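[1] Here's my sequence, what's the structure:
(one chain, ligands or ions: 1)
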Amino acid sequence: MEIKMLESIDYDVVARLLYESYIPQWNNTGCPEWNTEYIEYLIKSYIKPRNGLCIGALKDGTLVGIGFGYINDWMVSELGKITTICVCNLGVLPAHQRRGVATGIIKKLEEDAQNRGVHLIYRICNEELNDHKGFAQARYAKKLNNVYQMARIMGKEMIDTTAKLKGYGRGVKMLLKAIAGFPKEKNKIQYGTIREGTEADIAACIELLNSYQNIAEISQVWSENEFANIINNGIILQKKPFALIYYVWEVDGIVKAFVAGRFEKIIYERGTGISAIISHAGFAGDLDRKDKTSFIVSVLYEIKAREPNTFATNLAVAHHEEKAFDKAGFNNDRSTRPLYVKSLNDSVNEWVQTPWKYKRYCIPYQR
Ligand SMILES: CC(C)(COP(=O)(O)OP(=O)(O)OC[C@H]1O[C@@H](n2cnc3c(N)ncnc32)[C@H](O)[C@@H]1OP(=O)(O)O)[C@@H](O)C(=O)NCCC(=O)NCCS
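    Residues are numbered from 1 along each chain as shown. A predicted model of the protein is given here:
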């Protein structure tokens, strides 16, 4: 088996490899329909802007495993700015699994990242799946129990769909029907306007995102180029229902809040559904919790109007604004996404070894 950095990326080949790797294992958990455009979007939005890593495992010249590294900067309250790499899009074809291929890919990612001066390598795992077992075995430390996940069912009428897709029994379904709800219309924003974001809003969104550096224990350090890639490449997501989500709340000509993300087609053993992933959100510091929640409620209404069959919203950014999202009042279908990390630089060893009792953090996310 040859494990090496790939010089060029064939989006079609990568999409097929991830699809065939994921589908057999992601029955109840669900995974995005890895298709060519979706892969192109993820790579151009997250990997290319910082010259991230793409490692392939080849058997007799054929690609049988793949893993990417999304490079990004964190501001850490105790340390200042560090550079990190997120292991993402990791898959090994079923016929080649359990032979150390993923372990080899991760090792190569570590080596190449270390050579580039990266301080920390991490992966946001899924407790219901096998990846965390591999990272634990490769001596990664579990630092946070649930990095971001707040998956929500988009109203009572979506409970049957969700229960079918996720294989919930009668009991869970009845419980959900009793407690489920979609936020009331009166809780939408009462002033200003919510509208689709444009390229002209990017600078304002960056300012909101970077302002968390003053108040959070871990936040991402954003450059305009990094965020612009996530928005401007949205045009690639043309295979319905995949589409960019980007809304801003404008008050007197000023952007007070925004969300960005995408609609994804999620495949389960029992069928497919449309989920809205909110992967980025920023709020002005002078908004109170109620205002923030109102904006989120308005966003949910926008999402539902655009794709009425969206069964769930998945928040990849909750921990900067967890309370505000929580209070939006639709029911919570929480699953657990632990953070596994490994130090690549002596300067962060001690920090990695001490317990993290953080409350306000946001770990950059890529699948
Ligand atoms: C997760 C995945 C990448 C692992 O690839 P792999 O090449 O089989 O992994 P390795 O052989 O290097 O396994 C390393 C360790 O991980 C754990 N592990 C991997 N697959 C496992 C499985 N199916 N069940 C239980 N443990 C597993 C084991 O501890 C294993 O060590 P061992 O074989 O000595 O017991 C592969 O199963 C896959 O492509 N899964 C679908 C996609 C996916 O879930 N990707 C992860 C991103 S969420």
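
[2] For the closest residue to the ligand within the stretch 251-367 of the chain, give its distance to residue 188.
    At 7.6 Å from the ligand, residue 367 is the closest residue in the stretch 251-367 of the chain, using Cβ to the nearest ligand atom. For every residue, glycine as well, the C-beta is placed using N, CA and C. Per Cβ to Cβ, to the nearest Å, residue 367 is found 30 Å from residue 188.

[3] now swap in residue 275 and tell me
    Counting by Cβ to Cβ - residue 275 and residue 188 are separated by 22 Å.

[4] Show me which residues of the protein sit near the ligand.
    21-22, 25, 90-92, 97-103, 126, 129-131, 133-134, 137 (Cβ under 6 Å from any ligand atom).

[5] What is the burial count for the residue of the stretch 251-367 of the chain closest to the ligand?
    21 (other Cβ atoms under 10 Å).

[6] now residue 151
    20.

[7] So it sits against residue 310, correct?
    No - here residue 151 does not reach residue 310: they are 11.9 Å apart, not a contact under Cβ atoms under 8 Å.

[8] thinking again about what came up before, list the contacts of the residue of the stretch 251-367 of the chain closest to the ligand.
    For residue 367, the contacting residues are 32, 42, 88-89, by Cβ atoms under 8 Å, 6 or more residues apart in numbering.

[9] And the pLDDT at the residue of the chain most remote from its centre?
    Centroid-distance maximum for the chain: residue 60 at 33.6 Å, with Cα atoms, centre = their mean. Per-residue pLDDT puts residue 60 at 96.

[10] from the chain's centre, how far out does stretch 63-77 sit?
    Relative to the chain's own centre, stretch 63-77 is displaced by 12 Å; criterion: Cα atoms, centre = their mean, to the nearest Å.

[11] if we can go back for a sec, sort out for me which of the residues of the chain next to the ligand are in helices.
    Those of these mapping onto helices are 21-22, 101-103, 131, 133-134, 137, per DSSP state H.

[12] isn't residue 96 right next to residue 62, touching?
    No - using Cβ under 8 Å, residue 96 is not in contact with residue 62, being 10.0 Å away.

[13] More neighbours: which of the two?
    Between residue 96 and residue 62, counted using other Cβ under 10 Å, residue 96 has the larger neighbour count: 17 against 12.

[14] Do you have the strands of the stretch 201-350 of the chain handy? List them.
    218-221, 243-251, 254-268, 271-283, 310-315, 332-333, 339-343 (DSSP state E, counting those that start in this stretch).

[15] can you list the domain ranges for this structure.
    2-146+339-353, 151-333 (automatic domain parsing).

[16] got those domains as TSV, with distance to residue 360 columns?
    Output for these, formatted as TSV (distance: least, Cβ to Cβ, whole Å):
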stretch	distance to residue 360
domain 2-146+339-353	9
domain 151-333	4
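
[17] Any regions of the protein where pLDDT drops low?
    In the predicted model, the chain carries pLDDT under 70 at residues 149, 332-335.

[18] biggest helix in it by residues?
    The longest helix of the chain (DSSP H) is helix 289-306.

[19] contact partners of that one?
    154-155, 182-185, 187-190, 194, 245, 247, 249, 256-257, 259, 276, 278, 283, 287, 310, 313, 321, 323-325, 327-330.

[20] Same question for that helix: list its buried residues.
    291-304 (16 or more other Cβ atoms under 10 Å).

[21] Over to stretch 21-39?
    21-22, 25-26, 29-36, 38-39.

[22] Sort out for me which of those are in strands.
    31-32 (DSSP state E).

[23] Check the buried residues of stretch 21-39 and tell me the two furthest apart.
    29 and 36 (22.8 Å; Cβ to Cβ).

[24] Quick one: classify residue 175 as helix, strand or coil.
    Secondary structure assignment for residue 175 (DSSP: H, G, I helix; E, B strand; the rest coil): helix.

[25] To what extent is residue 346 buried, counted in neighbours?
    8.

[26] Could you do residue 47 as well?
    Other residues close to residue 47 by other Cβ under 10 Å number 22.

[27] And for the one 10 residues further on?
    Using other Cβ under 10 Å, residue 57 has 25 other residues around it.

[28] Doesn't it belong to a strand?
    Yes - under the criterion used here (three-state DSSP), residue 57 sits inside a strand.

[29] That'll do, ta.
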